[in-house]
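Q: Predicted coordinates and the sequence they were generated for:
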Amino acid sequence: MKQKWKTKANDYAYICDQLRSIRQDMTLQRIKNEFAVEVYETHARIALECRDIAHFNQCQTQLVELYAAGCKGHREEFLAYRILYTGLHDMRLELTLILKKLTLREKQNGGIKHALRVVNALDSNNYRVVFKEYRRAPNMSGYLMDLFIERLRVFALQTISVAYMMGVDVKFVADELAFESVEKCSLFVVEAGGKTNEKTGKLDCKESIKGFRSSPILSKKITCQPHLL
């Protein structure tokens, strides 16, 4: 399955169906070993790449049980994803429980350190750090942050608009919020309810703040519909 996905010999719908069948067979046969871990880890990564958060979460749930049973795998990598997901989803109680159980060794893991920097930045509304970490996200963490990135950008735009009421260059905003280009940033600002001045190349903060606070992007649910690549 991994080779078929790497070579894109089949689309995600087919790969997902095959992996789900393997998972069902393992459940019926009560298989809980390193092979099971590999199947769930593989499906979780592919699901994340295709924005299929539903199957990603299903795999995460099973992986927690398998790791707890002593099955070996990439436990710290997926622990980092759990920390990141609960933090981005503002699941404070679950996040607190996870953080309380972290060992010193786990806290030294690169992926977990990254996830902790992100959730700490979110907690203090430090969006500059959030987007800095987004640019250098390890493993599959960038794909996970992609699911929340539009909402994060709107919240950051609210903060920027209050701080720069006289206006600010769109280029500055694009750099701060990790956009690929000024053009994409400008389009997003308008989609989010803001206004820009094409002549000056600035974000009209005073006129945009109300639109950002009532942005339709904030009412969108985190997408669970996979991209059938």
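A: Received, thanks.
Q: nearest residue to residue 121 other than its sequence neighbours?
A: residue 129 (3.8 Å; Cβ to Cβ, 6 or more residues apart in numbering). To be clear about C-beta, it is placed using only N, CA and C from the backbone, and glycine gets the same treatment.
Q: got it, and residue 179?
A: Per Cβ to Cβ, 6+ apart, closest to residue 179 is residue 185, 4.1 Å.
Q: Read off the pLDDT value for the one you found.
A: We note a pLDDT of 97 for residue 185 in this prediction.
Q: do residue 2 as well
A: So residue 2 comes in at 60 (pLDDT).
Q: In the chain, where is pLDDT below threshold?
A: Along the chain, segments meeting pLDDT under 70 span 1-10, 222-229.
Q: any idea where the strands of the protein begin and end?
A: 168-169, 196-197, 202-203 (DSSP state E).
Q: what's the closest of these to residue 135?
A: strand 168-169 (19.5 Å; Cβ to Cβ).
Q: Name the strands paired with the closest one and say parallel or antiparallel.
A: strand 202-203 (antiparallel) (DSSP bridges).
Q: Need the residues that contact the partner strand.
A: Contacting residues not belonging to strand 202-203 are listed as 157, 160-161, 164, 167-170, 173, 189, 194-196 [Cβ atoms under 8 Å, 6 or more residues apart in numbering].
Q: chain center to that strand: distance?
A: 28 Å (Cα atoms, centre = their mean, to the nearest Å).
Q: my read: residue 23 touches residue 40, true?
A: Yes - the pair residue 23 / residue 40 is scored as a contact, 7.1 Å apart, by Cβ atoms under 8 Å.
Q: overlap in contacts of the two?
A: residue 62.
Q: can you give me the helices in this protein?
A: 2-6, 12-28, 34-49, 53-68, 75-88, 92-100, 104-107, 110-123, 127-135, 141-146, 149-163, 170-176, 182-191, 205-213 (DSSP state H).
Q: how much space between the residue nearest to residue 179 and residue 202?
A: 12 Å (Cβ to Cβ, to the nearest Å).
Q: Between the two, which is the more surrounded one?
A: residue 185 (23 against 19; other Cβ atoms under 10 Å).
Q: residue contacts, that one?
A: Counting by Cβ under 8 Å, 6+ apart, residue 185 has contacts 170, 173, 174, 177, 179.
Q: was I right about the second one contacting residue 189?
A: Yes - contact status for residue 173 versus residue 189: in contact at 7.2 Å, counting by Cβ under 8 Å.
Q: what do those two both touch?
A: 157, 203.
Q: Next up, the contacts around the residue nearest to residue 121.
A: With Cβ under 8 Å, 6+ apart, residue 129 has these contacts: 117, 118, 121.
Q: from those, which would you call buried?
A: 118, 121 (16 or more other Cβ atoms under 10 Å).
Q: Residue 96: which of the contacts of residue 129 is nearest?
A: residue 118 (15.8 Å).
Q: Tell me the spacing between that closest one and residue 132.
A: Separation of residue 118 from residue 132 (Cβ to Cβ): 10 Å.
Q: quick one on the thing from earlier: neighbour-wise, which of residue 23 and residue 40 wins?
A: residue 40 (26 against 19).
Q: I'd say the more buried one and residue 66 touch.
A: Yes - between residue 40 and residue 66 there is a contact under Cβ under 8 Å: 6.9 Å.
Q: Before I go, just wanted to say thanks for your time.
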